[in-house]
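> here is my input; please provide its structure:
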Amino acid sequence: MIVEHVRDTKGGMRVYKLDGVLLHTNPGSTLESILHQLSQFGKPYFTSMDFKGNQKRISEALSSLYRKGALSRSKGIISLRGNERFYLYFSHKLASLHDRLVEQFLAENLPDRIVDIYDRIKYGKEILSNYDIRSEYGTVDLTPLENYIRNGLLASKHIKKYQGRYVDATFYYSPELEQNIDRIIEEKLELSIQKRHEAMKKGREFESLLYEALSTLFETNRIAIQIFEFNKQVRKQLPNGKLRIFDLVAYAIPVIEVNGKWKRLKWFHGSITIVFEFKYNFRVTKGFLAEYYLDVKQAYGDLAIPALVVDGSVYDSAWEFCRHYGIWIITGSSLETLLNASMAPPSQASPLEVEPCWFETIS
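Have a look, this model is predicted:
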């Protein structure tokens, strides 16, 4: 993409040439900033989010360049995450490569499963329904496929009816097959429904086995949490600039009892972060818990567990807050049990205490 400064006019305007197209702009404008940044881009396509500056003005300026024929853009809007919606822009000299450029951009930004499904439909000429895809790939969000449909790379047909049974299927296919698609879909519909029902049946059987297995483990206390590392007086700088010192931060993993020994669950990856606060002669209020909860989440993320160990009283509103937000509180008889267990000889230790075992390094 070639950006040239042609001249400055007597009226104070600046004239640029973008890939041979003349453009007039004011010094210091959003358009001039875009042209300067374009001259430094080393890729064939870009979006409004690739530029520095006010996003609304950048989008307006890029749309203006498109209307003037200085740029080309994708046929449809692209949406990758949440409410992000934008066009893919590229040089008007590459307009004939529209499909390939959109494909390349989506391949770099969409999940591998979605790209694999697209390749099967577009190049393998498979006609797949949402029933077919989910029976093979499991629960997968098919919304990203709309990016291909809006840009003319895929086509879809939605069938929703109730004839003795409910049918709500969307078939995805290559636009090249449009001529005979109704007949082909009619032939494939019954098989797609059958595949979906078989997958749902196997899924229910799988869930039932898991419910039964996990219920047994929970009822017999054969799954426990074991602390494998902890740090005292941990200093953390919060996003708002506040320096927070946490009394104890522990890292735990679930272990399972097998043949009388506790073993790490191989299928559990990562660890559970538990952040402790110790308070003596203290009244726990909802306001205190809300502040502590926010500090823990800002410091360690949404999955961290705030835990409060307190020798004092807890207001009813605080108990309700704990139940709602998953905060742990150890107080009263629970605190007494904890202290007694820690001072007891090994022979009198709690039966729930797990014996030391070897753990792999956890990063």
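
> over to I117: give its phi and psi.
phi -60, psi -40 (degrees, to the nearest 10).

> and the longest helix that the chain contains, what does it pack onto?
Assignment by DSSP state H gives helix 181-219 as the longest helix of the chain. Judged by 3 or more C-beta pairs under 8 Å, 6 or more residues apart in numbering; DSSP states H and E, helix 181-219 is in contact with strand 128-129, helix 130-137, strand 155-162, strand 166-173. All C-beta atoms are positioned from the backbone trio N, CA, C, and that covers glycine.

> now with 7 Å?
helix 130-137, strand 155-162, strand 166-173 (3 or more C-beta pairs under 7 Å, 6 or more residues apart in numbering; DSSP states H and E).

> in the helix or strand following the first one, what's buried?
For helix 130-137, the following helix or strand on the C-terminal side (DSSP states H and E) is helix 145-150. Of the residues in helix 145-150, those scored as buried under the neighbour-count criterion (16 or more other C-beta atoms under 10 Å) are 145, 147-148, 150.

> could you do stretch 270-280 as well?
Buried residues in stretch 270-280 (16+ other C-beta under 10 Å): 271, 273-277, 279.

> same thing with stretch 303-322?
In terms of neighbour count (16+ other C-beta under 10 Å), stretch 303-322 has its buried residues at 304-310, 314, 318, 321-322.

> give me whichever of the helices and strands packed on helix 181-219 is most buried.
Comparing those by mean neighbour count (mean count of other C-beta atoms under 10 Å), helix 130-137 ranks first with a mean of 19.

> contacts for that one?
Applying C-beta atoms under 7 Å, 6 or more residues apart in numbering, the contact partners of helix 130-137 are 113, 117, 140, 142, 169-170, 192-193, 195-196, 198-199.

> cool, and stretch 151-169?
Here stretch 151-169 has contacts from 74-76, 99, 102-103, 118, 121-122, 129-131, 145, 148-149, 170-175, 178, 181, 185, 189, 192-193, using C-beta under 7 Å, 6+ apart.

> got the end-to-end distance for that stretch?
When the termini of stretch 151-169 are compared using C-alpha to C-alpha, to the nearest Å, they are 22 Å apart.

> and it, how far from the chain's centre?
27 Å (C-alpha atoms, centre = their mean, to the nearest Å).

> again with stretch 299-308
With C-alpha atoms, centre = their mean, you get 19 Å for stretch 299-308.

> next one: phi and psi at the nearest residue to N54 once chain neighbours are set aside?
Take N54 and drop its neighbours on the chain: the residue closest to it by C-beta to C-beta, 6 or more residues apart in numbering is T30, 6.9 Å away. According to degrees, to the nearest 10, the main-chain angles of T30 amount to phi -60, psi -40.

> which residues are in contact with T30?
If you count contacts by C-beta under 7 Å, 6+ apart, then T30 has 53-54, 57-58, 61 around it.

> likewise for Y293?
Contacts of Y293 by C-beta under 7 Å, 6+ apart are 306, 325, 327.

> after whichever helix or strand it is part of comes which helix or strand?
Applying DSSP H and E as the criterion places Y293 in helix 286-300. From helix 286-300 onward toward the C-terminus, using DSSP H and E, the following helix or strand is strand 305-314.

> count the neighbours of Q40 for me.
8 (other C-beta atoms under 10 Å).

> ditto for F90
So F90, with other C-beta under 10 Å, has 21 neighbours.

> isn't K93 right up against D19?
Yes - here K93 lies in contact with D19, judged by C-beta atoms under 7 Å, at a distance of 5.9 Å.

> neighbour-wise, which of the two wins?
For the pair K93 and D19, the greater number of neighbours falls to D19 (16 against 13), based on other C-beta under 10 Å.

> give me the phi and psi for the more buried one.
D19 adopts backbone torsions of phi 50, psi 40, taken as degrees, to the nearest 10.

> that one and Y87, how far apart?
18 Å (C-beta to C-beta, to the nearest Å).

> the closest residue to Y45 other than its chain neighbours and T47: what is the separation?
Counting by C-beta to C-beta, 6+ apart, F90 is the residue found nearest to Y45 once chain neighbours are left out, at 4.3 Å. As judged by C-beta to C-beta, F90 and T47 stand 10 Å apart.

> burial count for I58?
21.

> where's it, which helix or strand?
helix 55-67.

> which positions in that helix come out as buried?
Neighbour-count burial for helix 55-67 [16+ other C-beta under 10 Å]: 57-59, 61-62, 64-65.

> with stretch 331-341 instead?
For stretch 331-341, burial by neighbour count (16+ other C-beta under 10 Å) applies to T331.

> quick one: that stretch to chain centroid distance?
40 Å.

> and the buried residues of stretch 303-322, which two are furthest apart?
A304 and V314 (20.9 Å; C-beta to C-beta).
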